[in-house]
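Asks: Give me the fold of what follows.
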Amino acid sequence: MSFSQLTNKARGYLPPAKVTLVESAYNFAKKAHEGQLRKSGRPYLEHPLQTALTLAELQLDANTIAAALLHDGPENCVLSVS
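Replies: Next up, the predicted model:
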């Protein structure tokens, strides 16, 4: 699973500005989860990325895909939702 798979899927139905929103959310989440690994040893970002890809396969809007990428941040990073 890679970010390019997500962006390729999103580019198939979203306008460029909305793909940019998804890219920004990914970059933020990637930085927030930097160095974090799950008990399995896999990168922490893998779950939000897979969730976002599933939503892109359903052709959901960019805000929903961005939320999927960011949803673990407040729980597992030093981030606030306010």
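
Asks: contacting residues for Thr7?
Replies: 19, 22-23 (Cβ atoms under 8 Å, 6 or more residues apart in numbering). (Each C-beta comes from the backbone N, C-alpha and C, glycine too.)

Asks: ah, wrong one, I meant Tyr44
Replies: 33, 36-38, 72, 76.

Asks: Could you give the backbone dihedrals for it?
Replies: Dihedral angles of Tyr44 (phi, psi; degrees, to the nearest 10) stand at phi -60, psi -30.

Asks: got the buried residues for stretch 57-74?
Replies: 60, 62, 65-70, 72-73 (16 or more other Cβ atoms under 10 Å).

Asks: what sits up against it?
Replies: With Cβ under 8 Å, 6+ apart as the criterion, stretch 57-74 contacts 6, 9-10, 13-14, 18-19, 21-22, 24-26, 28-29, 32-33, 44, 47-49, 51-52, 54-56, 79-81.

Asks: One more pass at 6 Å, please.
Replies: 13-14, 18, 21-22, 25-26, 29, 32, 48, 51-52, 55-56, 79, 81 (Cβ atoms under 6 Å, 6 or more residues apart in numbering).

Asks: just stretch 16-35 next, same as before
Replies: 3, 10-11, 44-45, 48, 62, 65-66, 69-70, 73, 77.

Asks: which of these sit farthest apart?
Replies: Farthest pair in the contacts of stretch 16-35 (Cβ to Cβ) is Arg11 and Cys77. Separation: 27.7 Å.
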